[in-house]
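J.: quick check, what structure comes out for this input:
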Amino acid sequence: MKKKQPKTNPAPKQKIPLVTNTACCIIPPEDLWESIQTIRSEHDKSYTRWMPHINLCWPFVPKEHFVSASTMLSLHHGFQALKPFKIKLEKFKFNPNSKYLSLIPEQEIPIDRTQPETKKKKIDNKKNKKNLEQHVENSISQLHDILVELFVSSDPSVEKTFSGHLTVGQFSQDQIQEYQNKFQEEWVSLEFVVSEIYMISRSGQNEPFKVLHVVPLNSQ
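T.: Residues are numbered from 1 along each chain as shown. Just a heads-up that it's a prediction; the model follows:
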């Protein structure tokens, strides 16, 4: 009887130099853009060039390699294991000494209807919410890690530490907290399911990015 061989990822070829006019990202559905774009149109210098997005890998491979990159992704066992997941854009956040204000993807924990009522009451909602937020961040981080493994070598322009975020604007240090509070107070939470990721490209530095290739997550 033959021994079952463990799953392995396709052997990486020599990595292709990355370019700044392409990216691989998550893009919210267009019917959710209005409230995001209202803020970005006033405060984000990249408003005319980038659609609302959560970057997974930027810089990325040249557009001529999108089809082969998609094939490599689809064959990666880590990518195959990732199922569609729901994102909730509810909280604005900025890092100390940073001028960038962003929406942070998170997700509320679904109620487990299989549990008896007595057990449900004992659930620590805060703990469960935190665990689910970590799960969503892990899903996004896993996508990032897979892309880095397949396509990034030692390119210094790629983020060494990664945290999924959707940038809404740039602000001075003495104003960013005020704007965070203002936006948070007026914000209505947005939710959508990430069932695919997008490979985007632009023809010039000042041209808008366009979606050229879509890679679906495993829905089975």
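J.: from now on I want contacts and neighbour counts done on CA atoms only, so please keep to that.
T.: Noted.
J.: identify the residues contacting the residue nearest the centre of the chain.
T.: Nearest to the geometric centre of the chain sits residue 54, at 4.0 Å (CA atoms, centre = their mean). Contact analysis of residue 54 by CA atoms under 8 Å, 6 or more residues apart in numbering lists 25-27, 164-167.
J.: switch the cut-off to 10 Å
T.: By CA atoms under 10 Å, 6 or more residues apart in numbering, the residues touching residue 54 are 24-28, 102-105, 140, 163-167, 197.
J.: inside helices: which ones of these?
T.: Taking DSSP state H, the ones among the contacts of residue 54 that sit in helices are residue 140.
J.: buried subset of the contacts of residue 54?
T.: 24-28, 102-105, 140, 164-167, 197 (16 or more other CA atoms under 10 Å).
J.: widest-spaced pair of the contacts of residue 54?
T.: Checked with CA to CA, the contacts of residue 54 reach their widest spread between 102 and 197, with 19.6 Å between them.
J.: in a helix, residue 56, correct?
T.: No. With DSSP: H, G, I helix; E, B strand; the rest coil as the criterion, residue 56 is located in strand rather than a helix.
J.: that one reaches residue 141, doesn't it?
T.: Yes. With the criterion set as CA atoms under 10 Å, residue 56 and residue 141 qualify as a contacting pair; they are 7.9 Å apart.
J.: anything in contact with each of the two?
T.: When CA under 10 Å, 6+ apart defines a contact, the residues bordering residue 56 and residue 141 alike are 147, 162-164.
J.: ok, longest strand in this structure?
T.: When secondary structure is assigned using DSSP state E, the longest strand within the chain turns out to be strand 85-93.
J.: for the buried ones among the contacts of residue 54, which one is nearest residue 203?
T.: When the buried ones among the contacts of residue 54 are ranked by distance to residue 203 (CA to CA), residue 24 comes first, at 15.6 Å.
J.: from the contacts of residue 54, which shows the smallest pLDDT?
T.: Within these, the minimum per-residue pLDDT falls on residue 163 (88).
J.: show me what the host helix or strand of residue 37 is packed up against.
T.: Residue 37 belongs to helix 33-43 when assigned by DSSP states H and E. Here helix 33-43 touches strand 100-106, strand 166-170, strand 190-194, going by 3 or more CA pairs under 10 Å, 6 or more residues apart in numbering; DSSP states H and E.
J.: please repeat the previous calculation with a cut-off of 6 Å.
T.: Based on contacts counted as 3 or more CA pairs under 6 Å, 6 or more residues apart in numbering; DSSP states H and E, the elements that helix 33-43 packs against are strand 166-170.
J.: mind checking how far the strand it packs on is from the chain centre?
T.: Taking the mean C-alpha point of strand 166-170 and that of its whole chain, the gap between them comes to 14 Å (CA atoms, centre = their mean, to the nearest Å).
J.: partner strands of that strand and their direction?
T.: Counting by DSSP bridges, the strands paired with strand 166-170 are strand 100-106 (antiparallel).
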